[in-house]
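K.L.:
Sequence and computational prediction follow.
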Amino acid sequence: MKPATCRFCAAALELSFADLGMSPPSNSYLNPEDLNRMERFYPLHAWVCEKCFLVQLEEFETPEQIFSDYAYFSSYSDSWLAHARAYTHAMKQRLGLGPASFVVEIASNDGYLLQYFVEQGVPVLGIEPAANVAAVAERKGVPTLVKFFGTKTAVDLAAAGRKADLILGNNVLAHVPDLNDFVRGMSLLLKPGGVVTMEFPHLLRLMVESQFDTIYHEHFSYLSFLVAERVFAAHGLTLFDVDEMPTHGGSLRIYARHAINAALPVSTKVAELREREGAAGLERADTYRAFAEQVRSAKRGLLKFLIGAKEAGKRVVGYGAPAKGNTLLNYCGVRTDLLEYTVDRSPHKQGRFLPGVHIPVYAPERIMQTRPDYVLILPWNLKDEIVAQMAGIRAWGGRFVLPIPETRVIE
Ligand SMILES: [Zn+2]
């Protein structure tokens, strides 16, 4: 089963990018009473469009099913909060935002970012489809509209005189089923002199570093800069600047403006990145075809390590319960016989079980009580933070292990 046509350019999809088998939706954490019930599994198979090179999944569930009781609260990661705060200060200065400006964040989560604009006296509106998460934002003083963003919401806001000076979205572009409707909506909501910034994981880094575990059902599109440029240009928006950032294993922050707004010149970084992606082969089908073997090799490496550790009588547990861990463990077939349990700081995940593989999730203290030999870091993008928090494991000779780009013990 493959998606019939490209979600951006509608060309037929023929080229397989990564086939990760059958997998449950990565945020469907289970309660103890769910363990004896049937679970939903869907093919987790990414394809690449040979005409526009958008890497994409087919949509199996409606966004309403996936996001209405979303367990991910952005505010549980210290490094992510610091990133958000730094962004608001930089943008306030760069765009000269003040009390007369209007900032809209799409997928504003629990107000983790907009709270810092509110603090600086800049009017904001969050747009967030998960009602339970939006309620937390409202309690922080962040006005939040419980809705999915698209052309319709944009037209309604624009008609109410609420066009934006800044529209931002972090890790939302990749999650949008109707990419064209979403980008067109931003174009309609943006003031003539306004700026859009979007952050998303960079496909170039995903490919170079074998980050196949960042492929999950909720994540419909995997974008290079070149593809993002094509999508925005189709809706009258020009990418005039770009930052490369370490978040989520390597992300891009793109800056867009109306194509006719020549007051904001195009940075030299744009041509430089375009050239680098071209040199890496991102405009050639063969490059995408070669990725499949990288994925299979990473799986063999993880299984070799886990089986070797078990045969040597070692205890291995996980750290973190991120969506990417669910992709990795389901694709590799790792259950409690190879990984006893995992831990997570989020109380929303503690006491629950990972979907598909049924690995229990405890509070981080469990590691200090059970003293395992190895701790496999599932949110490898937060490696430094986790190694610092959990440095105590070294007291009994415990060691950290990373699964991506290939399994290795951290010395
Ligand atoms: Zn296409």
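P.N.:
Structure received. Numbers count the residues shown, from 1 in each chain.
K.L.:
how far away is the closest residue to Phe353 other than its chain neighbours from Ser79?
P.N.:
Spatial nearest neighbour of Phe353, excluding adjacent residues (C-beta to C-beta, 6 or more residues apart in numbering): Leu30 at 4.3 Å. The C-beta positions use only the backbone N, C-alpha and C, and glycine is treated the same way. According to C-beta to C-beta, to the nearest Å, Leu30 stands 28 Å off from Ser79.
K.L.:
between the two, who's got more neighbours?
P.N.:
Leu30 (18 against 13; other C-beta atoms under 10 Å).
K.L.:
Please report the distance of the more buried one from Ile367.
P.N.:
21 Å.
K.L.:
quick check: longest helix of this protein.
P.N.:
The residue-count maximum for a helix in the chain (DSSP state H) belongs to helix 291-311.
K.L.:
Give me the contact list for that one.
P.N.:
By C-beta atoms under 8 Å, 6 or more residues apart in numbering, the surrounding residues in contact with helix 291-311 are 16-20, 207, 210, 212, 316, 328, 331-334, 337-339, 373-374, 401, 403-407.
K.L.:
before we move on, what about stretch 382-393?
P.N.:
The contact list for stretch 382-393 (C-beta under 8 Å, 6+ apart) reads 77-79, 319-320, 364, 367-368, 371-372, 375, 377, 379, 399-400, 402, 410.
K.L.:
Tabulate the CA atom coordinates of it in CSV.
P.N.:
Taking Å, rounded to 0.1, in the frame of the first residue of the first chain, the C-alpha atoms of stretch 382-393 are listed here in CSV:
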residue,chain,number,x,y,z
LEU,A,382,18.7,15.4,24.4
LYS,A,383,21.8,13.3,25.1
ASP,A,384,23.9,16.0,26.9
GLU,A,385,21.0,17.0,29.2
ILE,A,386,20.3,13.4,30.1
VAL,A,387,23.9,12.4,30.7
ALA,A,388,24.3,15.4,33.0
GLN,A,389,21.0,14.6,34.9
MET,A,390,21.8,10.9,35.3
ALA,A,391,25.6,11.2,35.9
GLY,A,392,25.0,9.2,39.1
ILE,A,393,24.9,5.9,37.2
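K.L.:
Check which element follows the helix or strand containing Val375 along the chain.
P.N.:
Assigned by DSSP states H and E, Val375 belongs to strand 374-377. Of the helices and strands lying after strand 374-377 in sequence (DSSP H and E), the nearest is helix 383-389.
K.L.:
List the buried residues of that following helix.
P.N.:
By neighbour count on 16 or more other C-beta atoms under 10 Å, the buried set for helix 383-389 is Lys383, Ile386, Val387.
K.L.:
between those, which is closest to the ion?
P.N.:
The ion lies nearest to Lys383 out of those, by C-beta to the ion, at 34.0 Å.
K.L.:
if I look at that closest one, how far off is Ala292?
P.N.:
26 Å.
K.L.:
ok, is stretch 6-17 in contact with the ion or not?
P.N.:
Yes - using C-beta under 5 Å from the ion, we find that stretch 6-17 touches the ion at Cys6, Phe8, Cys9, Ala11.
K.L.:
Looking at those residues, which two lie furthest apart in space?
P.N.:
For the residues of stretch 6-17 next to the ion, the maximum inter-member distance is 8.8 Å, found between Phe8 and Ala11 (C-beta to C-beta).
K.L.:
list residues touching both of the two?
P.N.:
Common contact partners of Phe8 and Ala11 (C-beta under 8 Å, 6+ apart): Cys49, Cys52.
K.L.:
higher neighbour count, the two?
P.N.:
Phe8 (21 against 13).
K.L.:
How about the contacts made by the closest residue to the more buried one other than its chain neighbours?
P.N.:
Nearest residue to Phe8 in three dimensions, chain neighbours excluded: Leu54, at 5.0 Å (C-beta to C-beta, 6+ apart). Residues counted as contacts of Leu54 (C-beta under 8 Å, 6+ apart) are Cys6, Arg7, Phe8, Cys9, Val48, Leu179, Ser221, Tyr222, Leu223, Val227, Val231.
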